[in-house]
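Enquirer: build the 3D model from these lines:
(one chain, ligands or ions: 2)
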Amino acid sequence: MVAIDGPAGSGKSSVSKEVARRLGWGFLDTGAAYRALAWHAAASGVDTEDAASVVSCLDSFDYAIGTDPAGYAVRVGSVDVTEAIREPGISAIVSAVARIPEVRTHLIEVFRAIMAAEERAGIVVEGRDITTVVAPDAPVRILLTASEEARVARRSAELVGHSVSTTGEQLRRRDLADSKVVDFMNAAEGVTTVDSTELDFDQTVEAVIAVIRDSQAHAG
Ligand SMILES: Nc1ncnc2c1ncn2[C@@H]1O[C@H](COP(=O)(O)OP(=O)(O)O)[C@@H](O)[C@H]1O
Ligand SMILES: Nc1ccn([C@@H]2O[C@H](COP(=O)(O)OP(=O)(O)O)[C@@H](O)[C@H]2O)c(=O)n1
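Expert: Ligands and ions are numbered 1, 2, ... in the order given. Sure, this is the predicted structure:
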């Protein structure tokens, strides 16, 4: 298993997906679950700033996500929310949902169950606390970083029709809120940092695969 953490727009999801595809492994985007819960709470009409109300939505949170790196759907009940959870409206409320301890405990169990059920030879799991909390014993742990400027430019390129300054402002605000809950800006002991600021997408994928190969070589 490979655990990858890092700030918004560092390339965690796209790079992890490609690494998994090349290795023939599964891929798990943990941020999708926090986004889907934020979507579910909003769709249920609850105030996402009120922790108790969000926690009360956990019982009815029927979440499913695939682990095929070639394409996976995110579902809440029978609704396909794959696209909806990427909307800036969800990005704006997800940190408030993710900071609730009961939410984290619940979703960490969901992630561990998905990891245990993976049938491919391995799984690449990415998020904020995978290297430190969800899978601190993973044989390969990576912190994927990039300068704030590079991350804002990448996210802006995806969000056509939204201004760079608004996207940048939202990304900074979300990183600040998220970093109060888990530290994903500094590599924990034993975690290898890959800085993608000066690398293109392919070079970043190669750099991550090199870390994996290196650790496999050292494991004998
Ligand atoms: N090294 C890179 N150079 C240029 N663009 C990249 C690089 N890594 C990722 N990207 C692009 O940046 C965007 C954000 O990446 P994403 O995987 O969504 O980041 P995260 O999951 O960390 O938020 C995507 O459009 C992705 O294709
Ligand atoms: N392991 C994780 C993954 C995501 N999250 C939360 O979920 C949100 C969305 O994560 P994401 O990975 O989709 O965000 P991006 O970096 O892809 O924009 C983050 O802003 C965090 O609030 C978390 O708390 N812990």
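
Enquirer: contacts only, for Ile114.
Expert: 28, 65, 67 (CB atoms under 8 Å, 6 or more residues apart in numbering). Placement of C-beta: from N, CA and C, glycine included.

Enquirer: wait, doesn't the second one sit right on Gly71?
Expert: No. Look at Ile65 against Gly71 with CB atoms under 8 Å: they stay out of range, at 11.7 Å.

Enquirer: the two: who's more crowded?
Expert: Each of Ile65 and Gly71 has its neighbours counted (other CB atoms under 10 Å); Ile65 has more, 20 against 8.

Enquirer: quick check: bridge partners of the more buried one?
Expert: Judged by DSSP bridges, the bridge partners of Ile65 are Val74.

Enquirer: can you give me the distance of it to Gly31?
Expert: 11 Å (CB to CB, to the nearest Å).

Enquirer: equivalent analysis for Val194, please.
Expert: Distance of Val194 to Gly31, given as CB to CB: 18 Å.

Enquirer: neighbour count winner among those two?
Expert: For Val194 and Gly31, the more surrounded residue by other CB under 10 Å is Val194, and the numbers stand at 21 against 18.

Enquirer: give the helix, strand or coil label for the more buried one.
Expert: In three-state terms, and counting by DSSP: H, G, I helix; E, B strand; the rest coil, Val194 is strand.
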